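I need the structure of the sequence given here:
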Amino acid sequence: MTGFGARLADAVRGRGPLCLGIDPHPELLRAWDLTDDAEGLRRFSDICVTAFADIAVVKPQVAFFERYGSAGFVVLEQTIAGLRDAGVLVLADAKRGDIGSTMAAYAQAWAGDSPLAADAVTASPYLGFGALQPLIDTAQAHGRGVFVLAATSNPEGAAVQRARADGRTVAQSIVDAAAEVNRERPGSVGVVVGATLSDPPDVSALDGPVLAPGVGAQGGRPDALAGFAGARPGQLLPAVSREVLRAGPSVPALRAAAETMRDSVRYLA
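Sure, this is the predicted structure:
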């Protein structure tokens, strides 16, 4: 079984280092003249699947599907399947985090054999990095990846993530813990570091991918990411949502916006 790290590296080399979000929030549904219900969600997602078929990684934001209940999860399953049929790596932005048997159940849903299981999933380590072990084990057993929140760009996160203990920030300790996992399976565990942060943790020893959300509409500049957080070429995966999605609902316009953004970060590969 080819591990996630190797599959991601191949995708980035072939399709460029970009992660596009599918974030069907109500304002975008209205802007695309779609109904705020499961049918509007389905149409939104189908447009994105078609437009993003040549992108390396696509990240559905699970919350915007979950808010429609079971009907939303059906659309999410279909979206994941459609993207994977196109050869796209799917990163489920679920941000799950818990302990014990509950974490193991989340692991089966998002990294096991469930129809919701994607190529990788985001996770929150703030019940302790060790609590993620069931997810990490399940992901590795199925050749999937985990992206662990390390340093986010929202102001509320700083009180926890930038607190210091033993001479390093909590965010840095998360990156270092992920690096320990990657010593055995390089690239299987990535971290999430906001692209707009002025003092990000050092990821140079991570030996795994760095998802950098916040490029575009949130203020992160595509041309200012070289060496961000100490990342090496091919390590950084800029994540973009609104900057591209606002070009819809036209598939050609959405595809063109995606390609323009991909070209602007291709130098990071």
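
Just confirm residue 146 is within a strand.
Yes. Counting by DSSP: H, G, I helix; E, B strand; the rest coil, residue 146 falls inside a strand.

heads up, I number from 27, so please use that
In the new numbering, first residue 27, that becomes residue 172.

isn't it right up against residue 145?
No. With contact defined as C-beta atoms under 8 Å, residue 172 and residue 145 do not form a contacting pair (10.7 Å). In short, each C-beta sits where N, CA and C put it, glycine included.

any low-confidence regions in this protein?
Where the chain drops to pLDDT under 70, the residues are 27, 242-245.

for it, what spans make up the strands?
Ranges of strands within the chain are 45-48, 83-86, 115-122, 146-149, 171-177, 190-191, 194-195, 215-219, 236-239, 262-266, based on DSSP state E.

okay, the ones you listed in TSV with distance to residue 75 and mean neighbour count next?
Converted to TSV, the strands of the chain look like this (distance: least, C-beta to C-beta, whole Å; neighbours: other C-beta atoms under 10 Å):
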stretch	distance to residue 75	mean neighbour count
strand 45-48	8	25
strand 83-86	8	26
strand 115-122	10	23
strand 146-149	18	27
strand 171-177	21	26
strand 190-191	43	10
strand 194-195	38	16
strand 215-219	23	28
strand 236-239	20	26
strand 262-266	17	26
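
Distance to residue 226 for those - can I get that in a markdown table?
Conversion of the strands of the chain to a markdown table gives the following (distance: least, C-beta to C-beta, whole Å):
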| stretch | distance to residue 226 |
| --- | --- |
| strand 45-48 | 17 |
| strand 83-86 | 19 |
| strand 115-122 | 19 |
| strand 146-149 | 17 |
| strand 171-177 | 6 |
| strand 190-191 | 15 |
| strand 194-195 | 10 |
| strand 215-219 | 5 |
| strand 236-239 | 9 |
| strand 262-266 | 11 |
